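J.: Sequence first, then the predicted structure:
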Amino acid sequence: FLPLTMRGGLLSLHCGLAFIFLALGSVSGDVSYSIPEELKRGSLIGNIAKDLGIDLGRLSARKARIDTEDNGVKYCSLNINTGEVIVQERIDREGLCAKKTSCVLKQELVLENPLEAHRINIRVQDINDNSPEFKEDLLNFEIHELGLDALTSVIFNEKFVYDSMGRS
């Protein structure tokens, strides 16, 4: 048997651990969507109710809403009747993420009574400046010396190629 002081310490340790697990349980499940930039207002991003397995009745009963993590511009909203997350404001990737290679808009689905939060990550894809993608990092071409003139005349304007090579 443990002395009384040890029992109290273990009890508070168990209560502390239980509190931590309950607190972690209130923020559950990340949901990620990928959308092209500049979608029109009212465009569908995804159905959060289906993706998280939340009954539609719970959305209105628990006053569900979407908040931004930085309390900035509200780019999307929630239709509590359908569970759909929709575009509320035009999303401009360059304006939102500038020169970053990856652009993720962080939102949060909040349900009240009891408080529950779900992170929503919306990856915004650039529709204007798509970088080329290659299956291999290095492509080797073998061009024979005698075939160079024929190849360059097919691919490039002859005058440009000859002028750049110092030929007239």
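T.: Cool, the structure landed.
J.: which residues of this protein fall in helices?
T.: For the chain, the helices defined by DSSP state H cover 4-25, 48-52, 56-61, 93-97, 148-155, 158-164.
J.: Contact partners for Lys63?
T.: 111-113 (CB atoms under 8 Å, 6 or more residues apart in numbering). To be clear about C-beta, it is placed using only N, CA and C from the backbone, and glycine gets the same treatment.
J.: what's the single longest strand in this structure?
T.: Ordering each strand of the chain by length in residues (DSSP state E) puts strand 116-125 first.
J.: can you list contacts of it?
T.: With CB under 8 Å, 6+ apart, strand 116-125 has contacts from 26-37, 45, 48, 52, 62, 66, 75-76, 85, 91, 93, 96-97, 102-111.
J.: Return it as CSV; C-alpha atoms alone will do.
T.: The C-alpha coordinates for strand 116-125 follow below in CSV (Å, rounded to 0.1, in the frame of the first residue of the first chain):
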residue,chain,number,x,y,z
GLU,A,116,-14.9,20.9,-31.2
ALA,A,117,-12.5,22.0,-33.9
HIS,A,118,-11.3,20.4,-37.1
ARG,A,119,-8.4,21.9,-39.2
ILE,A,120,-9.1,22.5,-42.8
ASN,A,121,-6.1,22.9,-45.1
ILE,A,122,-6.9,24.2,-48.6
ARG,A,123,-4.0,23.9,-51.0
VAL,A,124,-4.4,26.6,-53.6
GLN,A,125,-2.9,25.7,-57.0
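J.: Number the residues from 38 up from this point.
T.: Will do, 38 is the new start, and the previous item becomes strand 153-162.
J.: Among the contacts of strand 153-162, which are located in strands?
T.: Going by DSSP E, the strands hold 68-73, 82, 103, 113, 122, 141-148 from these.
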